[in-house]
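Novice: No sequence on hand, only this structure:
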């Protein structure tokens, strides 16, 4: 516990608490285009990242979050990390809904707009993009294969979908896109303008 920075520890604790004592049943906090826009379920945008479908879902998300959270919180500073997690939590949900809207329109398949998602994995994928950006010329192991850090997040996206078909591909993709908006797009600059302070480290 002493080696875990406070924000990372608080996120672990909050996710665990809301698994044990959920704000509402999973089907009342999950996010989908239909639930948010047709039924005006706006609070789902805030609650869905912090709730999990089952214990394994929670365990794997928090297990993957812990090392990334520790590293990024120490690098960016606690205040910026809280800010980052808050923005990423909301944006990954909004991008998820946008992707659902695009797929529904392109395929005319309404099931895309009704697929409901919960969990922290979208935020995790956004954080992975930041972590790999720290050493873009390095390499990582994905399922025993060596992959350039530039493509590691995309490789993980594919591998997770193959090994866990029920995982939310759109949710994970939304996380990657939000991470890229931060590292290669205007998001970080916009966040700095809105916050009037900067992170300790530059990506």
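Specialist: Arrived safely, thanks for sending. These numbers come from a predicted model, not from an experiment.
Novice: in this structure, which helix or strand is least confident?
Specialist: Each helix and strand of the chain was given a mean pLDDT (mean pLDDT, DSSP states H and E); the minimum falls on strand 139-142 at a mean of 84.
Novice: Give the buried residues for that one.
Specialist: Residues 140, 142 are the ones in strand 139-142 that count as buried (16 or more other Cβ atoms under 10 Å). Bear in mind the C-beta positions are built from the backbone N, C-alpha and C, glycine included.
Novice: can you tell me which residues contact residue 141?
Specialist: Residues in contact with residue 141, defined by Cβ atoms under 8 Å, 6 or more residues apart in numbering, are residue 147.
Novice: Mind listing what's buried along stretch 181-192?
Specialist: Under 16+ other Cβ under 10 Å, the buried positions of stretch 181-192 are 181, 182, 183, 187, 188, 191.
Novice: Roughly how far does the spatially most central residue of the chain sit from residue 170?
Specialist: The centroid of the chain falls nearest to residue 123 when counting by Cα atoms, centre = their mean (1.3 Å). Distance, residue 123 to residue 170, using Cβ to Cβ, to the nearest Å: 14 Å.
Novice: now residue 162
Specialist: According to Cβ to Cβ, residue 162 and residue 170 sit 16 Å apart.
Novice: What of residue 154?
Specialist: On the measure of Cβ to Cβ, residue 154 and residue 170 end up 15 Å apart.
Novice: between those two, which one's more packed in?
Specialist: residue 170 (19 against 14; other Cβ atoms under 10 Å).
Novice: Report whether the expected contact of the more buried one with residue 104 is present.
Specialist: No: counting by Cβ atoms under 8 Å, residue 170 sits too far from residue 104 to count as a contact (11.0 Å).
Novice: where do the contact lists of these two overlap?
Specialist: The contact sets of residue 170 and residue 104 overlap at residue 112 (Cβ under 8 Å, 6+ apart).
Novice: contacting residues around the host helix or strand of residue 170?
Specialist: Secondary structure assigned from DSSP states H and E places residue 170 in helix 169-183. Contacts to helix 169-183, defined as Cβ under 8 Å, 6+ apart, come from residues 84, 88, 91-93, 95-96, 99-100, 103, 112, 115, 117, 119, 121-130, 133, 153-154, 157, 160-161, 187-188, 191, 203.
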